[in-house]
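K.L.:
I'll drop the sequence and a predicted model, then ask my questions.
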Amino acid sequence: MLSKPLPDTDFRVSVPIQVRMSDLDPFVHVNNGVQCHYFDFGRSFYLEKVLQDQVDWKTLDLVLVHIELDFAAPVEFHDQLVCETKIVEIGHKSLKMIQQLRETRTNTVKTTCYSVLAGFDRQTHQSIPIQEEYKRRIREFEGM
């Protein structure tokens, strides 16, 4: 389990999320699995902003190795959502990330996501250290 964020976590990256009819489950809430796609989108947006390049997930030497979700309130069709993302810890071979889906009109956090990205060599399928350039850019961006 990852450490839980402080209530005053400062998210420097935020991207709007459009809820679609096909995202809804029989209870007319956004399906929990679909929310993982929202976090994927937010994760990609974050990496592109911080690394200042388009992410090609077929060649990027990072891979998602852990995800944990806390569902605080249902996400509904008319919610105006943003996905906010922050890297909170940089290790030798991994990055810890916190994200949240927040309804902007009420400022309600609907879902929080804790994830770990690891360095990964796609040729050998082996764990590798996080690139120093990634670490430098993340530290500069996040003020670490």
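P.N.:
Good, I have the coordinates. Numbers count the residues shown, from 1 in each chain.
K.L.:
Leaving out chain neighbours, which residue sits closest to residue 111?
P.N.:
Distances taken as Cβ to Cβ, 6 or more residues apart in numbering put residue 101 closest to residue 111, at 4.5 Å, once the chain neighbours are dropped. From N, CA and C alone the C-beta is placed, and that goes for glycine too.
K.L.:
just the helices in this protein please.
P.N.:
Listed in chain order, the helices of the chain (DSSP state H) span residues 32-51, 132-142.
K.L.:
How about the last one, which residues are buried there?
P.N.:
The neighbour-count check on helix 132-142 (16 or more other Cβ atoms under 10 Å) flags 134-135, 137-138, 141 as buried.
K.L.:
Check stretch 118-130 too.
P.N.:
Buried residues in stretch 118-130, counted by 16+ other Cβ under 10 Å: 118-120, 130.
K.L.:
Now the terminal residues of stretch 67-86, how far apart.
P.N.:
End-to-end distance of stretch 67-86 (Cα to Cα, to the nearest Å): 14 Å.
K.L.:
now it: how far from the chain's centre is it?
P.N.:
Remark: stretch 67-86 is offset 11 Å from the chain centroid, using Cα atoms, centre = their mean, to the nearest Å.
K.L.:
Likewise for stretch 78-89?
P.N.:
Centre-to-centre, stretch 78-89 and its host chain are 7 Å apart (Cα atoms, centre = their mean).
K.L.:
Rounded mean pLDDT for it, please.
P.N.:
Computed over stretch 78-89, the mean pLDDT rounds to 96.
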